[in-house]
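S.K.: Pasting the sequence and the predicted coordinates here, then a few questions.
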Amino acid sequence: MAVRKKKTKRKVAKKKTKRKVAKKKKKKKATKKKKTKKKATKKKKKKKKATKKKKTKRKATKKKKKKKKATKKKKKATKKKKKTKKKKATKKKKKAAPKKVKKKAKKAKKPKKKRKANPALLKPMNVSAALAEVIGAKPVARSQAVKKIWDYIKKHDLQNPKNRRNILADSKLKKVFGKAEVTMFELAKILSKHLS
């Protein structure tokens, strides 16, 4: 009898523990469900807020566009009114008696003075023997020497065809330049050595 009682007690205790475990599982499931529901509701609320914000932004942009259009229309209308007023005013002025126009006294025009050349540049200078072969032995001003050199270059077609700024020296000009090719910017500097 004592053994049976013990067995029944054990069975009862096992059943109780099983029930407790089952209740705990149910509670856990219920809490999980609640949490998932809360998360879902939060997500829905966030989505609703986002959609509301988007809608409000769209409405605001639409309002701004409408305002801009309205202001443009107003500006156009005001411009048209001003133009019509101006036209009417000009027509009235034309219809009115013509006013006497005062003649402005013309200022006497001053005659333009010619620029005087620097006398140092016009001074005739002696030419070196090498340069004399190209432009002649007579004393010449600097500007005239440069002009005569250019005449010689153009006559004998001594400009570089690829780069027209460069001058290709022939046998006579090589003595003056001291090298086979010279730029046009160096020309005056080189000539000054041959003028004294």
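M.R.: Received it, and whenever you're ready, just let me know what you need.
S.K.: If you count contacts, what does the host helix or strand of Ile167 end up packed against?
M.R.: Taking DSSP states H and E as the definition, one finds Ile167 inside strand 166-168. Contact here means 3 or more Cβ pairs under 8 Å, 6 or more residues apart in numbering; DSSP states H and E; on that basis strand 166-168 packs against strand 181-183. Using the backbone N, CA and C atoms, a C-beta is placed for each residue, glycine as well.
S.K.: Show me what the strand it packs on is packed up against.
M.R.: Taking 3+ Cβ pairs under 8 Å, 6+ apart as the contact cut, strand 181-183 packs with strand 166-168.
S.K.: What residues of the strand it packs on count as buried?
M.R.: Ile167, Leu168 (16 or more other Cβ atoms under 10 Å).
S.K.: ok, now stretch 180-192?
M.R.: For stretch 180-192, by 16+ other Cβ under 10 Å, it's Val182, Leu187, Ile190, Leu191.
S.K.: contacting residues around the first one?
M.R.: With contact set as Cβ atoms under 8 Å, 6 or more residues apart in numbering, Val182 has these partners: Asn166, Ile167, Ala169, Ile190.
S.K.: and which of those residues is nearest to Lys65?
M.R.: Checking the contacts of Val182 against Lys65 by Cβ to Cβ gives Asn166 as the nearest, at 64.2 Å.
S.K.: Now do the closest one against Leu158, distance only.
M.R.: Distance from Asn166 to Leu158, counting by Cβ to Cβ, to the nearest Å: 10 Å.
S.K.: cool, Ala141 as well?
M.R.: From Ala141 to Leu158 the distance is 23 Å (Cβ to Cβ).
S.K.: Quick one: residues in contact with stretch 150-170.
M.R.: So stretch 150-170 is contacted by 134-135, 173, 176-177, 179-185, 187 (Cβ under 8 Å, 6+ apart).
S.K.: element containing the residue nearest to the spatial centre of the chain?
M.R.: Residue closest to the average C-alpha location in the chain (Cα atoms, centre = their mean): Lys68, at 28.1 Å. Assigned by DSSP H and E, Lys68 belongs to helix 2-95.
S.K.: CA-only coordinates of the helix or strand following that helix in CSV, if you can.
M.R.: Later in the chain than helix 2-95, the nearest helix or strand by DSSP H and E is helix 119-122. Extracted in CSV, the C-alpha atoms of helix 119-122 (Å, rounded to 0.1, in the frame of the first residue of the first chain):
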residue,chain,number,x,y,z
PRO,A,119,64.1,111.5,-82.4
ALA,A,120,66.6,108.9,-81.2
LEU,A,121,64.9,106.3,-83.4
LEU,A,122,65.1,108.6,-86.5
